[in-house]
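Asks: what's the 3D shape of this:
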Amino acid sequence: ELVVLPYSMLVSKATRDSLQLSLKNNVVIIDEAHNLSEVMTSMFGATLSPAIVKAANEQLQAYVQKYLQRLGSRNLHYLRQLATICQTIVKYMRQTSKKEKKKKKTSGSSSRSGRNDTKQQQAVLGSANPSKLQSSTEWLPGVEVG
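Replies: Next up, the predicted model:
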């Protein structure tokens, strides 16, 4: 049996299940596989803006204020860590945005951008007290706090 379908249907388990299509013991041939990473990113990725992260932080603050009397110390601690992470992300995004605008104005100094990005990430995360962030990011594989 030969089945032809778009990437989005192939990578979506729910879609495969609804079509009663199993990959087990079958050969999958992917045409133009160089496009697969883009499809995966668009399907399973997310885009954050400073406004979204700032709104999440504001909602955390409102939640804490509303339920302060009901929250245990451990829960309060975790909520403060989440707020610190949100603030750090917003700060990093703003600094990156400023850097991109500056880079566009000067356009020509791209040779050191990789090293500067790493230094900038370390500086932003460093200002957020890494010891507090470390315990809250342990569950994120591949995330390192400077």
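Asks: point out where the chain drops to low pLDDT.
Replies: Confidence mapping of the chain against pLDDT under 70 gives the ranges 107-146.
Asks: for it, just list every one of the helices.
Replies: 7-11, 13-18, 36-44, 50-67, 73-106, 113-126, 130-137 (DSSP state H).
Asks: out of these, which gets nearest to residue 25?
Replies: Evaluated over those, closeness to residue 25 peaks at helix 13-18, with 14.1 Å, by C-beta to C-beta. Placement of C-beta: from N, CA and C, glycine included.
Asks: roughly how far is the closest one from the heart of the chain?
Replies: Relative to the centre of its chain, helix 13-18 is centred 25 Å away, using C-alpha atoms, centre = their mean, to the nearest Å.
Asks: swap in stretch 25-35?
Replies: From the chain centre to the centre of stretch 25-35 is a distance of 27 Å (C-alpha atoms, centre = their mean).
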